[in-house]
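**Q** Turn this into a model:
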Amino acid sequence: MRKIILLLTVLVSAISCKEDKMKKVMAIHDEVMPKMGTISKLVAELKPKVDSTEIGMEYGKAMKDLQASHQSMMDWMRGFGDRFDSEEILKGKALTKQKQKWLDEEEVKVKALQEEINSSIERAEAILKK
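**A** Alright, predicted model coming up:
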């Protein structure tokens, strides 16, 4: 009886962990998605300042970093949507072993995306303050 209870506890814990991981991945997405507007605003501010001078080239690099992070978000969302359906994402539908593996990969990707977006915004804001 103890073994059955222990097995059920482990099973419930494993399912809960995967649901928590999906929630964590989506929470990171939900945190950075609104920053796409900030990226667009900063690109618009930087674009007229880009020229062949040293500071103009810094503006250009900051603008390209922002554009790359925006594209990274679009690529990540497309790839994530290709791997998971809305029932899995929004309603906690059980994942296959393959999809559980993919979710682990997506967690790594979305954390890197978060860093890319946040750092590109910080760099752009810093250069605009110069």
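**Q** contacts and neighbour counts: CA atoms only from here.
**A** Will do.
**Q** hmm, who's touching stretch 68-85?
**A** Stretch 68-85 is contacted from outside by Met33, Met36, Ile39, Lys99, Trp102, Glu106, Lys109, Val110, Leu113, Glu116, Ile117, Ser120, using CA atoms under 8 Å, 6 or more residues apart in numbering.
**Q** Can you select the buried ones from those residues in ChimeraX?
**A** Buried subset of the contacts of stretch 68-85, written as a ChimeraX selection, criterion 16 or more other CA atoms under 10 Å:
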select :33,36,39,102,106,109,110,113,116,117,120
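**Q** Pick out the residue nearest the middle of this structure.
**A** Val110 (3.3 Å; CA atoms, centre = their mean).
**Q** what about Gln67, how many neighbours?
**A** Using other CA atoms under 10 Å, Gln67 is surrounded by 19 other residues.
**Q** So it is in contact with Leu42, correct?
**A** No - between Gln67 and Leu42 there is no contact under CA atoms under 8 Å: 9.8 Å.
**Q** Show me the shaky parts of this protein.
**A** The chain contains residues with pLDDT under 70 at 1-19.
**Q** Now do the helices in it.
**A** 2-32, 35-46, 54-83, 86-91, 97-129 (DSSP state H).
**Q** which secondary structure elements does the second one contact?
**A** Applying 3 or more CA pairs under 8 Å, 6 or more residues apart in numbering; DSSP states H and E, one finds that helix 35-46 contacts helix 54-83, helix 97-129.
**Q** What are the buried residues along it?
**A** Met36, Ile39, Leu42, Val43, Glu45, Leu46.
**Q** List the contacts of that helix.
**A** By CA under 8 Å, 6+ apart, helix 35-46 touches Tyr59, Gly60, Ala62, Met63, Leu66, Gln67, His70, Ile117, Ile121, Ala124, Glu125, Leu128.
**Q** Contacts only, for the fourth one.
**A** The neighbourhood of Met63, defined by CA under 8 Å, 6+ apart, consists of Leu42, Val43, Leu46, Lys47, Ala124.
**Q** I am finished for the moment; much appreciated.
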